[in-house]
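>>> Kindly return the folded structure for what I paste below:
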Amino acid sequence: MALFQRKTVGKPGEWYYCLKHQKVEEGPECPAKDRFGPYSSREEAAHAMQTARERNLQWQNDPRWHDADGPSGTPDGTPDGTPDGDGTAPGGGPGADGPRG
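Sure, this is the predicted structure:
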């Protein structure tokens with residue numbers, strides 16, 4: 001048993017959705033890392049996952065959050081900016097174009 005345990009902090013009338021137990025709680029019963037909230041009503045907390053999904057979709061489709069770069073943050077849309085996206089030169093390996101000279 002731990003010598004010092006943190007108590008969750010909250011007020012009566014605040015509602016939370018526990019991600020770990022997948023249930024609505026009045027006042028936080030679980031650590032902040034495992035919950036959404038606070039919500040002003042039990043009903044609002046009960047729809048926390050749907051609200052999160054809707055907000056994620058809005059964010060993903062919001063042009064203010066998308067730069068001119070490709071979907072993965074590089075101008076060409078590959079994860080690392082190399083032509084095939086695997087961090088190597090064309091042809092599969094570092095210096096794959098052959099010897100220079």
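>>> C-alpha only now, for contacts and for neighbours.
Fine.
>>> The closest residue to Gly37 other than its chain neighbours: what's it in contact with?
Counting by C-alpha to C-alpha, 6 or more residues apart in numbering, Gly37 lies nearest to Tyr16, which is 4.6 Å off, once chain neighbours are set aside. With contacts defined as C-alpha atoms under 8 Å, 6 or more residues apart in numbering, Tyr16 is in contact with 24-28, 35-39, 42, 45.
>>> Please narrow those to those residing in strands.
24-26, 35-39 (DSSP state E).
>>> Quick one: those as a markdown table, columns for distance to Gln60 and neighbour count too.
Supplementary listing: the ones in strands among the contacts of Tyr16 in a markdown table, determined by distance: C-alpha to C-alpha, whole Å; neighbours: other C-alpha atoms under 10 Å:
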| residue | distance to Gln60 | neighbour count |
| --- | --- | --- |
| Val24 | 27 | 23 |
| Glu25 | 29 | 21 |
| Glu26 | 31 | 18 |
| Arg35 | 22 | 21 |
| Phe36 | 20 | 18 |
| Gly37 | 22 | 18 |
| Pro38 | 24 | 20 |
| Tyr39 | 24 | 18 |
